[in-house]
Structures are given as C-alpha cells and as structure tokens.
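Visitor: Can you look at this prediction? I've put the sequence above it.
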Amino acid sequence: MAKAKTNYTCSECGGISNKWTGQCPACHAWNTLVETVVETPGVNRLSNPVHRSLAQTAPVLSLADIEAVDVPRFGTGIEEFDRVLGGGLVAGGVVLIGGDPGIGKSTLLLQALANISQSKSTLYVSGEESGAQIALRARRLGVEATSLKLQAEIQLEKILGTLADLKPDVAVIDSIQTVYSDALSSAPGSVAQVRECAAQLTRVAKQTGVTIILVGHVTKEGALAGPRVLEHIVDTVLYFEGDTQSSFRLVRAIKNRFGAINELGVFAMSEKGLKGVSNPSALFLSSHDSAVPGSVVMVTQEGTRPLLVEIQALVDTSHLPNARRLSVGLEQNRLAMLLAVLHRHAGIAAFDQDVFINAVGGVKITEPAADLAVLLAINSSMRNKALPRGLVVFGEVGLAGEIRPAPRGQERLREAAKLGFSIAMIPKSNAPKQKIEGMTIVAVERIDEAFNKLRELD
Ligand SMILES: Nc1ncnc2c1ncn2[C@@H]1O[C@H](COP(=O)(O)OP(=O)(O)OP(=O)(O)O)[C@@H](O)[C@H]1O
Ligand SMILES: [Mg+2]
C-alpha cells in the first residue's frame with residue numbers, strides 16, 4: 001500500500017511543519033511535533049468518526065420526535081466488570097482499558113470474552129502474545145471458549161479486514177500500542193499511530209455496531225500512553241489499579257458515555273484468574289494487633305459502595321533544606337495544603353519534618369473526605385501516640401480550618417458500624433439524627449476542635 005502523505009503537526013499550537021524538528025517552528029515548544037496524515041480535501045476531511053457518521057445521516061429533527069431508545073446492554077458474565085461498565089457492554093461502544101504491566105488486563109478480558117462467546121461471536125486480537133500463549137492462559141484459567149476466535153496481528157488494515165469478514169459482536173484489541181497503520185511511517189506505539197488506529201477502529205465500531213475493547217499501556221507517570229485525545233475518542237475509559245504485590249485489583253471508570261463513573265470493580269487475582277470481590281469494604285485494612293501511631297481508618301465512598309481504607313503517615317525530622325512531602329494513593333498537592341492548614345489553624349508546624357502518607361493496599365483516594373484522616377494520622381505520627389482503637393474518620397478540611405461534610409455520610413457510618421468500629425469522628429453536618437447501635441459519634445466543626453476532642457477520648 002502506498003504511504004499516505006503526512007506532515008507534522010504541533011500538539012500544542014497546531015502549527016504544521018513538513019519535516020520533524022525538535023522544536024515547533026510556530027510556538028517554539030519542544031518535542032510537540034506529531035506525524036499526521038494529510039487530509040485530502042473532500043475525501044478525508046471528515047476523518048473524525050463522529051463527524052462522519054453525523055454527516056451521513058443527519059436530517060434535522062425536533063427532539064420530541066426522536067424516540068429515546070435505551071441502549072441495549074449485554075453482560076460480560078463478570079459481575080464486578082459489569083458494574084464498572086455501568087451495567088454491561090453496549091453494542092457499538094468502544095472501551096479503553098489501561099493499567100500497569102502485568103496487572104491483569106489480558107486476563108480479565110480473556111475471561112470476559114470467554115463468557116460472552118457462549119452467546120455471541122467474539123474475536124481476540126493480540127499483538128503481544130502468540131495464539132499458543134493465549135491458549136495456555138485460557139487453560140490455566142479454566143475458561144471454556146471453544147467458539148472464541150483468536151488472531152495474532154498488529155497491522156490495522158488486516159485487523160479491519162478480519163472485523164469485516166468475521167463480523168464479531170465483541171472484539172478485543174490487545175493492545176492499541178502494538179497496532180500500526182500502513183498509512184503512517186511512524187513506529188507502532190507513537191502518538192500518531194495510536195491516535196489514527198483508535199480513530200479507525202472507533203469508526204468501524206460506530207458503523208457496524210461491534211463492541212471494541214482496546215487495551216492501553218500506561219506511562220511511568222500512570223497516564224495512558226498516547227495522546228489525551230485517545231480518551232476523547234472512545235466511549236468508556238477504565239483503569240486498573242492496585243499494587244501488583246497484593247492480590248487485589250481495582251478497576252475504576254474514568255469516563256463513561258453510557259453510565260455513571262467512579263464505580264469501582266474489585267477483584268482478587270488467583271491462579272484461576274480474576275475473581276470478583278462482592279463485599280470489599282474491609283479489604284484495605286491492615287491487621288495490627290495493637291493500635292499503632294500514624295495509622296487511622298477512614299471510610300471512603302466509591303460509587304455506590306463505602307470502603308474502609310487505612311491511611312498511614314510517617315513524620316520524621318528532615319535533614320534536607322526542603323523537607324520532603326510524599327504521598328502514595330493520595331493527592332500530593334492536597335498534602336501540602338493540609339500541612340499549611342495544620343500549622344495555621346491547629347498550631348502544629350511540620351516545616352522541618354519529612355511527611356510521608358500512604359493509603360494501604362494500593363487503593364487511590366481522590367475524594368477530599370480523606371483530609372481529616374490524613375491530618376489525624378500525621379498528628380498521631382508526630383506525637384508518636386496511637387489513636388484510640390475502633391476509631392473511624394472522614395471529612396473534608398477547608399482552608400479556613402473548617403470541617404466540611406462528605407456525601408453519603410450515613411451509609412459510611414453504617415458500614416463502619418457493621419465492621420465493628422465503635423468511635424466515629426465526623427463532620428458536624430454528617431452527624432446522624434438517630435443513634436447508631438454500638439457507635440459513639442464525635443461530631444466536629446473545626447480542625448483544632450477535632451484535636452481537642454481527640455485528647456478527651458484518650
Ligand atoms: N500461575 C499463576 N498464578 C497466579 N497468578 C498468575 C499466574 N500466572 C499469571 N498470574 C497473574 O497474572 C498476571 C499477568 O496478567 P496479564 O497477562 O493479564 O496482565 P496484563 O495486564 O495483560 O499485562 P501486560 O501489560 O504485560 O500485557 C501476573 O502479574 C500474575 O499476577
Ligand atoms: Mg496483556
């Protein structure tokens with residue numbers, strides 16, 4: 001196939017150059033030029049699949065005349081996976097699933113495809129493993145998938161040919177970084193290739209109604225490799241989380257055009273593959289025999305489920321001119337802000353201390369309701385004094401030192417009570433109207449008040 005004409009477009013300013021240079025000739029940004037196919041006017045102008053399908057079938061209608069049809073969904077046979085997908089896969093939907101190497105992306109998708117293949121036609125395209133390797137994995141997982149079709153292929157045009165021939169209901173592309181199109185001269189995995197291949201596959205999905213699941217690699221920083229536009233092209237973006245040391249894996253929805261996001265799928269990795277954990281609330285608690293300084297349990301809300309997570313802090317005298325602030329699983333910038341609040345509104349200074357915080361079990365907490373727990377853990381480590389046993393905490397801390405309510409407070413409290421926690425320090429606005437059996441509620445409005453009440457508890 002003849003190479004299509006390409007040029008280089010700056011991802012910052014959109015400037016165009018005929019050859020690759022390190023610096024964009026237009027805006028002088030470095031390393032921003034990306035190879036793109038030159039669009040021949042009239043033919044390829046509508047290369048964006050969304051634009052093209054709209055252009056083909058776009059009579060003007062009034063909203064009232066359009067029948068609102070529910071998107072038909074079908075399950076993957078894995079309850080936790082369906083949950084993050086917002087109730088199952090959608091015909092013509094494109095799902096991007098990213099995650100660290102070896103976290104279990106191929107495993108999960110092979111299991112899901114095997115289930116689906118019992119009632120629908122399925123295709124697994126692998127650019128990373130041979131058919132034999134996949135068959136070996138299928139045998140280890142004990143999946144029965146006699147009708148699952150496999151193809152070890154990395155050239156986009158051939159994959160599109162297979163899709164046209166087989167007309168599967170669901171196709172997995174593992175991974176989008178290995179696929180390359182003949183139209184571009186860039187290497188597979190480059191921004192240009194990833195973007196072009198994903199756009200082409202999306203176009204096919206929208207035209208033929210095949211559900212496509214793309215596997216994406218993540219960069220060292222944890223973002224999906226390839227351009228941000230990849231996330232815009234697809235309908236659903238899922239991320240695998242969890243540390244590979246522990247057997248637990250979380251799948252989180254980052255974007256979903258067909259359902260709510262921030263639902264969490266929880267899995268345990270075993271020899272037989274990923275198994276859903278339907279009641280994960282106690283998963284992220286490490287079991288200490290006695291209370292230890294710097295550790296506090298918080299209740300976080302993930303989608304519709306409350307989850308108890310242990311937050312650990314370590315504060316130690318710093319020997320560096322700039323004391324270190326390091327957080328794992330929690331937001332780094334938020335930590336700096338909370339330390340400022342701690343100093344300003346509770347009089348506890350940490351400018352000469354290294355501060356490390358960690359959410360146990362590799363879970364990532366993005367909600368601000370973790371603030372109070374982080375501050376209590378830091379204070380506890382600083383004073384080398386353990387917090388009372390059975391204490392559970394949640395609440396957002398504002399810049400003025402006020403403690404703000406967290407959404408779904410009652411559900412969080414009920415879950416903590418169910419798991420045997422006996423004291424809850426929570427924002428005043430979250431205080432329950434009725435007494436919760438076996439639980440003392442300590443409602444606080446300000447951060448200094450929280451520390452005072454904590455002292456009374458000892
Ligand atoms: N025999 C086994 N018993 C238990 N777990 C296993 C076994 N073999 C593999 N695993 C688990 O499966 C993981 C690999 O899963 P998988 O190949 O699905 O990951 P992946 O996300 O597709 O990785 P990559 O990005 O390299 O393609 C391993 O890290 C390991 O945790
Ligand atoms: Mg894989």
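Guide: In hand now; what should we look at? Residues are numbered from 1 along each chain as shown. Ligands and ions are numbered 1, 2, ... in the order given.
Visitor: got the domain boundaries for this protein?
Guide: Domains of the chain are assigned by automatic domain parsing as 1-45, 73-276, 295-457.
Visitor: wait, does the last one contact ligand 1?
Guide: It refers to domain 295-457. No: against ligand 1, domain 295-457 shows no contacts by C-beta under 6 Å from any ligand atom, the least distance being 13.0 Å. The C-beta positions use only the backbone N, C-alpha and C, and glycine is treated the same way.
Visitor: Averaged pLDDT, that domain. What do you get?
Guide: For domain 295-457, mean pLDDT rounds to 92.
Visitor: residues contacting the residue in the stretch 201-350 of the chain positioned nearest to ligand 1?
Guide: Nearest residue of the stretch 201-350 of the chain to ligand 1: residue 271, at 3.7 Å (C-beta to the nearest ligand atom). Residue 271 sits next to residue 140 when contact means C-beta atoms under 8 Å, 6 or more residues apart in numbering.
Visitor: which residues of the stretch 1-150 of the chain fall in strands?
Guide: Counting by DSSP state E, counting those that start in this stretch, the stretch 1-150 of the chain has strands at residues 6-10, 16-17, 33-37, 73-74, 89-90, 94-99, 122-126, 149-152.
Visitor: So what angle separates the directions of the third one and strand 6-10?
Guide: Per axes from the mean of the first three to the mean of the last three C-alpha atoms, to 10 degrees, the angle that strand 33-37 makes with strand 6-10 is 140 degrees.
Visitor: What pairs with strand 33-37, parallel or antiparallel?
Guide: Strand 33-37 sits in its sheet next to strand 6-10 (antiparallel), going by DSSP bridges.
Visitor: What of the last one?
Guide: Strand 149-152 sits in its sheet next to strand 122-126 (parallel), going by DSSP bridges.
Visitor: show me where the stretch 201-350 of the chain has strands.
Guide: For the stretch 201-350 of the chain, the strands defined by DSSP E, counting those that start in this stretch occupy 211-217, 236-241, 248-256, 264-270, 273-276, 295-302, 305-317, 325-328.
Visitor: got TSV for these, with mean neighbour count too?
Guide: Conversion of the strands of the stretch 201-350 of the chain to TSV gives the following (neighbours: other C-beta atoms under 10 Å):
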stretch	mean neighbour count
strand 211-217	25
strand 236-241	22
strand 248-256	21
strand 264-270	20
strand 273-276	20
strand 295-302	24
strand 305-317	20
strand 325-328	16
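Visitor: so which of the ones you listed gets nearest residue 422?
Guide: Closest of the strands of the stretch 201-350 of the chain to residue 422 is strand 295-302, at 11.6 Å (criterion: C-beta to C-beta).
Visitor: which helices and strands sit right next to the closest one?
Guide: strand 305-317, helix 371-383, strand 391-393, helix 409-418 (3 or more C-beta pairs under 8 Å, 6 or more residues apart in numbering; DSSP states H and E).
Visitor: Would you map the helices across the protein?
Guide: For the chain, the helices defined by DSSP state H cover 49-56, 79-84, 105-116, 131-141, 156-166, 191-208, 229-233, 332-346, 371-383, 409-418, 447-457.
Visitor: got JSON lines for those, with mean neighbour count too?
Guide: Converted to JSON lines, the helices of the chain look like this (neighbours: other C-beta under 10 Å):
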{"stretch": "helix 49-56", "mean neighbour count": "13"}
{"stretch": "helix 79-84", "mean neighbour count": "21"}
{"stretch": "helix 105-116", "mean neighbour count": "24"}
{"stretch": "helix 131-141", "mean neighbour count": "14"}
{"stretch": "helix 156-166", "mean neighbour count": "16"}
{"stretch": "helix 191-208", "mean neighbour count": "22"}
{"stretch": "helix 229-233", "mean neighbour count": "17"}
{"stretch": "helix 332-346", "mean neighbour count": "17"}
{"stretch": "helix 371-383", "mean neighbour count": "25"}
{"stretch": "helix 409-418", "mean neighbour count": "19"}
{"stretch": "helix 447-457", "mean neighbour count": "16"}
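Visitor: Any idea which of those helices gets closest to residue 401?
Guide: Proximity to residue 401 (C-beta to C-beta) singles out helix 332-346 among the helices of the chain, at 3.0 Å.
Visitor: would you put the C-alpha positions of the closest one in PDB?
Guide: Taking Å, rounded to 0.1, in the frame of the first residue of the first chain, the C-alpha atoms of helix 332-346 are listed here in PDB:
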ATOM      1  CA  GLN A 332       0.400  15.300  46.700                       C
ATOM      2  CA  ASN A 333      -0.700  18.900  46.400                       C
ATOM      3  CA  ARG A 334      -3.500  18.300  48.800                       C
ATOM      4  CA  LEU A 335      -1.000  17.100  51.400                       C
ATOM      5  CA  ALA A 336       0.900  20.400  51.100                       C
ATOM      6  CA  MET A 337      -2.300  22.300  51.600                       C
ATOM      7  CA  LEU A 338      -3.300  20.200  54.600                       C
ATOM      8  CA  LEU A 339       0.000  20.800  56.300                       C
ATOM      9  CA  ALA A 340      -0.500  24.500  55.900                       C
ATOM     10  CA  VAL A 341      -4.000  24.200  57.400                       C
ATOM     11  CA  LEU A 342      -2.500  22.200  60.300                       C
ATOM     12  CA  HIS A 343       0.100  24.900  61.100                       C
ATOM     13  CA  ARG A 344      -2.200  27.900  60.600                       C
ATOM     14  CA  HIS A 345      -5.400  26.600  62.400                       C
ATOM     15  CA  ALA A 346      -4.100  24.000  64.800                       C
END
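Visitor: Many thanks, I have nothing further to ask.
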